[in-house]
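Enquirer: With the sequence up front, the predicted model follows.
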Amino acid sequence: AQSVTQLDSQVPVFEEAPVELRCNYSSSVSVYLFWYVQYPNQGLQLLLKYLSGSTLVKGINGFEAEFNKSQTSFHLRKPSVHISDTAEYFCAVSSKTSYDKVIFGPGTSLSVIP
Amino acid sequence: EAQVTQNPRYLITVTGKKLTVTCSQNMNHEYMSWYRQDPGLGLRQIYYSMNVEVTDKGDVPEGYKVSRKEKRNFPLILESPSPNQTSLYFCASSASPGGLYGYTFGSGTRLTVV
């Protein structure tokens, strides 16, 4: 079975500063990894995904994430945040042997301060 | 516009009164799923469907029913709602199992059971 940990429940950051949102996963098999973003009063939107290949994955809105197999991590980064990035961010994992099951982390609330 | 449409967006009901939350997608996706979102717990899967007339339980199916009579529709039924089903509900669809390419989510239904 897989599990996802997002250690930071809330992350405040000043506008134009860099940000990293942390995600660690647990799995006994190879995994696919995802980051979703949820803007206020909206559904979740896929930011980026790692399926295979390059461990550095680029997504929408200037976000990127790096898959680190040895540390079982998939941290999300952005070099310069904007007010519009204020949202809830969810890390998710599925196994390559059972990819109909997607496990979501508890979420990290990113607040960008003007 | 490709989308997943849920109705209603907000619903307040009383314990024991049957209700249905509708979900419809216009992308011809085979795979659909229902999640509930609770603070600190992330999203938990209730039921999913791999195609018409094919449904299966997720992690928290108790108290819920679903049906998939048409490809585009996947309603969630609460036959006897209880206060512990107060939550934010999301319908999602995907062209393949959601752990491979990610989901498209609806805007959510906020349900309060009193």
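Expert: Okay, I see it. In this text the structure is predicted, and so the values were computed from the model without any measurement.
Enquirer: and after the worst-scoring helix or strand of chain B on mean pLDDT, which helix or strand comes next?
Expert: The weakest-scoring helix or strand in chain B, judged by mean pLDDT, DSSP states H and E, is helix B:98-101 (a mean of 76). Of the helices and strands lying after helix B:98-101 in sequence (DSSP states H and E), the nearest is strand B:104-105.
Enquirer: Identify all contacting residues around the next helix or strand after that following strand.
Expert: Tracing the chain C-terminally past strand B:104-105 and defining elements by DSSP H and E, one meets strand B:109-113 next. By CB atoms under 8 Å, 6 or more residues apart in numbering or on different chains, the list of residues contacting strand B:109-113 from outside reads B:6-15, B:19, B:21, B:78, B:81-90. In short, each C-beta sits where N, CA and C put it, glycine included.
Enquirer: From the chain's centroid, how far away is strand B:109-113?
Expert: Here strand B:109-113 shows a centroid-to-chain-centroid distance of 12 Å under the convention CA atoms, centre = their mean, to the nearest Å.
Enquirer: Check stretch B:82-98 too.
Expert: Computed by CA atoms, centre = their mean, the chain-centroid distance of stretch B:82-98 equals 4 Å.
Enquirer: Quick check: chain neighbours aside, which residue is closest to the residue in chain B positioned nearest to chain A?
Expert: Distances from chain B to chain A, computed as CB to the nearest CB, single out B:Gly99 as the nearest residue at 2.6 Å. Among residues not flanking B:Gly99 along the chain, A:Ser94 sits closest, at 2.6 Å (CB to CB, 6 or more residues apart in numbering or on different chains).
Enquirer: burial measure for that neighbour, as a count.
Expert: Here the count is done by other CB atoms under 10 Å in any protein chain shown, and A:Ser94 has 23 residues near it.
Enquirer: which residues does A:Glu66 form a beta bridge with?
Expert: A:Glu66 forms beta bridges with A:Leu56, A:His75, as assigned by DSSP bridges.
Enquirer: wait, it sits on A:Val57?
Expert: Yes: applying CB atoms under 8 Å as the test, A:Glu66 and A:Val57 come out as touching, 7.4 Å apart.
Enquirer: The two - which one has more neighbours?
Expert: When neighbours are counted by other CB under 10 Å, A:Glu66 and A:Val57 differ, and A:Val57 comes out ahead with 21 against 16.
Enquirer: residues in contact with that one?
Expert: Neighbour list for A:Val57: A:Leu48, A:Lys49, A:Tyr50, A:Glu64, A:Ala65, A:Glu66, A:Phe67 [criterion: CB under 8 Å, 6+ apart].
Enquirer: repeat that with 10 Å
Expert: With contact taken as CB atoms under 10 Å, 6 or more residues apart in numbering or on different chains, A:Val57 is in contact with A:33-35, A:47-51, A:63-67, A:74, A:76.
Enquirer: can you check A:Gly53 too?
Expert: If a contact means CB under 10 Å, 6+ apart, then A:Gly53 has A:Phe67 as its contacts.
Enquirer: This completes my enquiry, with thanks.
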